[in-house]
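Peer 1: Using only what follows, build the 3D model:
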Amino acid sequence: MQIFFEHHQYIMYVFLILMGCLSGFIDAIAGGGGLISIPALTFTGMPISLVLGTNKLQSSIGTSLAVYQYHKNGLINFMTVYRGLVMGFIGAVCGAVLVNYISNQFMHYVVPFLLVAVFIFNLFNKSSGLSTGKKRLNEAVFFSIFGFMLGFYDAFFGPGTGNFWIILIVFFLGYSFLNASGYAKVLNLKSNLFSLAIFLYYGNVNFEIGLLMAFGQLVGNYLGSKMVILKGSKLIRPFFMTVVAINIMVLFYQLF
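Peer 2: Model prediction:
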């Protein structure tokens, strides 16, 4: 595929726009768009550092639109989530620093099993997240604790962060998948922008390809967020389960 694209550049551009659109659509509904966008970008032949940096550029642009759509429709209260943003930034800084001194290799063994637990929990709790449930933690306490923990995890390792945010918000705050997905987008956007700043500092962003793919991301995120707002949590749950299942398969494949 890489050799084909080297000789058919305009076809590669169309491919990236379409993959950006599909990635944005899935990301707006349940997260996990990187499962599509990162493999698509590797077909360009760019080194992996440039692939990851370019992916952060296009996903940040697309996620920004999804956050705007969720907020415009009253599904996000920034006063509720600001502690998660602040503590998430502190956690991300700690994670980014620590990963330079401590190997994160052990996370390859831990995270797949955590995602399996998430999948099984949802499989046997079919009504969870479809409507407002039991609140187990105060919002301020929840976003302070998990904002730091998942901010740290996202910078230290990363895969499945959006999945963890959604299930934790549903379980501890009793939110529906619809509201949980909105808040997860805000918190993911914070992580994306932080990571993007680092990639920009090291010059690992291809603006031409990133902005091209971002066009598709914007279309996909717009359509996905509109569909979520119209259909609600019943649409998010099957997408969420699918994304978690794919994440599990990818991580176990990389592990074994």
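
Peer 1: so L150 makes contact with F89?
Peer 2: No - contact criterion Cβ atoms under 8 Å: L150 and F89 do not qualify, at 11.6 Å. Heads up, the C-betas are built off the backbone N, CA and C, glycines and all.

Peer 1: The closest residue to Y13 other than its chain neighbours sits in which helix or strand?
Peer 2: With Cβ to Cβ, 6 or more residues apart in numbering as the measure, L212 is the residue that lies nearest to Y13, at 5.9 Å, once sequence neighbours are left out. Taking DSSP states H and E as the criterion, L212 maps to helix 207-231.

Peer 1: Quick check: mean pLDDT of that helix?
Peer 2: For helix 207-231, mean pLDDT rounds to 91.

Peer 1: tell me which residues in the helix or strand just after it are buried?
Peer 2: Heading C-terminal from helix 207-231, the first helix or strand you meet, by DSSP H and E, is helix 233-255. By 16 or more other Cβ atoms under 10 Å, the buried positions in helix 233-255 come out as 233, 235-237, 239-241, 243-244, 247-248, 250-251.

Peer 1: ok, so of the residues you listed, who is nearest F171?
Peer 2: When those are ranked by distance to F171 (Cβ to Cβ), F240 comes first, at 13.1 Å.

Peer 1: So the closest one sits against I166, correct?
Peer 2: Yes - counting by Cβ under 8 Å, F240 touches I166, with 6.2 Å between them.

Peer 1: so what sits against both of the two?
Peer 2: 30-31, 177, 181 (Cβ atoms under 8 Å, 6 or more residues apart in numbering).

Peer 1: Switch the buried residues of helix 233-255 over to CSV; also include distance to I198.
Peer 2: Shown next, in CSV, are the buried residues of helix 233-255 (distance: Cβ to Cβ, whole Å):
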residue, distance to I198
S233, 34
L235, 34
I236, 30
R237, 34
F239, 29
F240, 28
M241, 32
V243, 25
V244, 27
N247, 23
I248, 28
V250, 23
L251, 23
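
Peer 1: Looking at the residues you listed, which one is closest to V118?
Peer 2: After measuring the buried residues of helix 233-255 against V118 - Cβ to Cβ - the closest member comes out as V244, at 5.7 Å.

Peer 1: right, and the closest one touches L114 too?
Peer 2: No - the criterion here is Cβ under 8 Å, and V244 misses it with L114 at 10.4 Å.

Peer 1: what do these two both touch?
Peer 2: Common neighbours of V244 and L114 (Cβ under 8 Å, 6+ apart) are G160.

Peer 1: residue contacts, S37?
Peer 2: 19-20, 23, 55, 58-59, 213, 217.
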